[in-house]
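> quick one, fold the following:
(one chain, ligands or ions: 1)
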Amino acid sequence: MNEFYQKDIISIKDFDKENLEKIFAATDKIMNLAPSERREICKGKTLGYLFYEPSTRTRLSFDSAMASIGGNSLGISDVSSSSTQKGESLADTIRIMSIYSDALVLRHTLDGSSRFASEVSEKPVINAGSGTEEHPTQAIQDLFTIKKEKKKIDGLKIGIVGDLKYGRTVYSLLYGLGNYDVDVRLISPESLKIRSDSVYEIKKRLDYTESTNLEEHIDELDVLYVTRIQKERFPDEEEYLKLKGSYVVGLDLLKQMKSDSIILHPLPRIDEISPDVDKTQNAKYFEQAEYGKHVRAALLGLILNENGF
Ligand code: CP
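So this is what the prediction gives:
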């Protein structure tokens, strides 16, 4: 049996290097299949999605991925139009959706929400973002992008810049990178450093350095992973306004980077990467978003087929 069959995807910590490499191989396979072959993979299967927070890429890439492998999706993209408005609990909403779907994708404001959902759901649950905690499929997509664009992950110098306190993609990426031999530089304002309650978990997996100065590292990096300052998670808007614009990647900064370095961003971007950068050979964030669709199609194909595809 395929090891991912009926598996929940709650945390990237549940995946070792061998698991990740199998998902990458499945993604490569799916990218090379003819559309007619792809459509056989999840023919007749239904994906349910439930989003308590806004999303463009994650929801639509799951939707598009499921359609590309012959399945269909249904769900709630705006809970204000659902019975949660009448007071229905997350547990009941999940139970009902798992009756109508073969797998569920959940984004929720609270840490622990996806783990909780997986305990009440009859069907596999995929975490599409749980509070400030994790976004595991984004990390798989990020690692796949690095591998595709740099042809390897081991041995790379990777800078992660921006809001490292509230950005959940950063946590999943760091846990995922812990499976590889990488040199990680964390760059953020002092008040947006990695949360102290996660330092132990991250340090168990990999070594990193911390700095507030991006220019100190920029000429050495193979990968620059830029993140948005997460306005919606700040308890105090004044504090956000002080930190907004702390780092802006523009053409001037790009001149200091290695010519074959790549710039990634989970998106959405606000002002942290200048649009001028989009046209350069280093900008790979739109390719990253495209790979996300294929990674998610591969994950769904593996989760929903006992013998894989
Ligand atoms: N990267 C990401 O999670 O984007 P969305 O919030 O648009 O889904």
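> is any residue of the helix or strand harbouring residue 58 near the ligand?
Here residue 58, judged by DSSP states H and E, is contained in helix 57-68. Yes - counting by C-beta under 6 Å from any ligand atom, contacts between helix 57-68 and the ligand involve 57-58. Heads up, the C-betas are built off the backbone N, CA and C, glycines and all.
> mind checking the longest helix of the protein?
Longest helix of the chain, by residue count under DSSP state H: helix 285-304.
> and it, anywhere near the ligand?
No - applying C-beta under 6 Å from any ligand atom, one finds helix 285-304 separated from the ligand by no less than 7.6 Å.
> quick one: buried residues of that helix?
For helix 285-304, the neighbour count (16 or more other C-beta atoms under 10 Å) marks 285, 288-304 as buried.
> cool, and stretch 190-200?
192-194, 198.
> possible to save the residues you listed as JSON lines with pLDDT, distance to the ligand and secondary structure?
Listed next are these as JSON lines, based on pLDDT from 0 to 100; distance: C-beta to the nearest ligand atom, whole Å; DSSP: H, G, I helix; E, B strand; the rest coil:
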{"residue": "192", "pLDDT": "97", "distance to the ligand": "18", "secondary structure": "helix"}
{"residue": "193", "pLDDT": "97", "distance to the ligand": "22", "secondary structure": "coil"}
{"residue": "194", "pLDDT": "97", "distance to the ligand": "19", "secondary structure": "coil"}
{"residue": "198", "pLDDT": "95", "distance to the ligand": "19", "secondary structure": "helix"}
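> tell me the residues of the protein that contact the ligand?
Going by C-beta under 6 Å from any ligand atom, the residues of the chain near the ligand are 55-58, 135, 138, 266-268.
> dump the residues you listed into TSV; add pLDDT and neighbour count as well.
Listed next are the residues of the chain next to the ligand as TSV, based on pLDDT from 0 to 100; neighbours: other C-beta atoms under 10 Å:
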residue	pLDDT	neighbour count
55	97	18
56	98	10
57	98	18
58	98	25
135	98	26
138	98	26
266	98	26
267	98	18
268	97	10
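> among these, which one lies nearest to residue 28?
residue 138 (18.9 Å; C-beta to C-beta).
> on that earlier part again, Serialize the residues of the chain next to the ligand to TSV and add fields for distance to residue 2.
Shown next, in TSV, are those (distance: C-beta to C-beta, whole Å):
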residue	distance to residue 2
55	28
56	30
57	26
58	24
135	24
138	23
266	28
267	31
268	34
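> for the longest helix of the chain, C-alpha coordinates in CSV please.
This file holds the C-alpha atoms of helix 285-304, laid out as CSV (Å, rounded to 0.1, in the frame of the first residue of the first chain):
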residue,chain,number,x,y,z
TYR,A,285,7.8,33.2,-6.9
PHE,A,286,5.2,32.8,-9.7
GLU,A,287,6.8,29.5,-10.7
GLN,A,288,6.6,28.6,-7.0
ALA,A,289,2.8,29.2,-7.0
GLU,A,290,2.5,27.1,-10.2
TYR,A,291,4.5,24.2,-8.7
GLY,A,292,2.0,24.4,-5.8
LYS,A,293,-0.8,23.2,-8.0
HIS,A,294,1.2,20.1,-9.1
VAL,A,295,2.5,19.3,-5.6
ARG,A,296,-1.1,19.4,-4.3
ALA,A,297,-2.3,17.2,-7.2
ALA,A,298,0.4,14.7,-6.3
LEU,A,299,-0.6,14.8,-2.6
LEU,A,300,-4.3,14.3,-3.4
GLY,A,301,-3.4,11.4,-5.8
LEU,A,302,-1.3,9.7,-3.1
ILE,A,303,-3.8,10.3,-0.3
LEU,A,304,-6.8,9.1,-2.3
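> name the helices or strands packed onto that helix?
helix 17-32, helix 57-68, strand 103-108, helix 136-150, strand 262-264 (3 or more C-beta pairs under 8 Å, 6 or more residues apart in numbering; DSSP states H and E).
> so what's the residue positioned nearest the centre of the chain closest to, chain neighbours aside?
The residue lying closest to the centre of the chain (C-alpha atoms, centre = their mean) is residue 138, at 1.3 Å. Setting aside the residues directly before and after it, residue 138 is nearest to residue 169 in space (C-beta to C-beta, 6 or more residues apart in numbering), at 4.8 Å.
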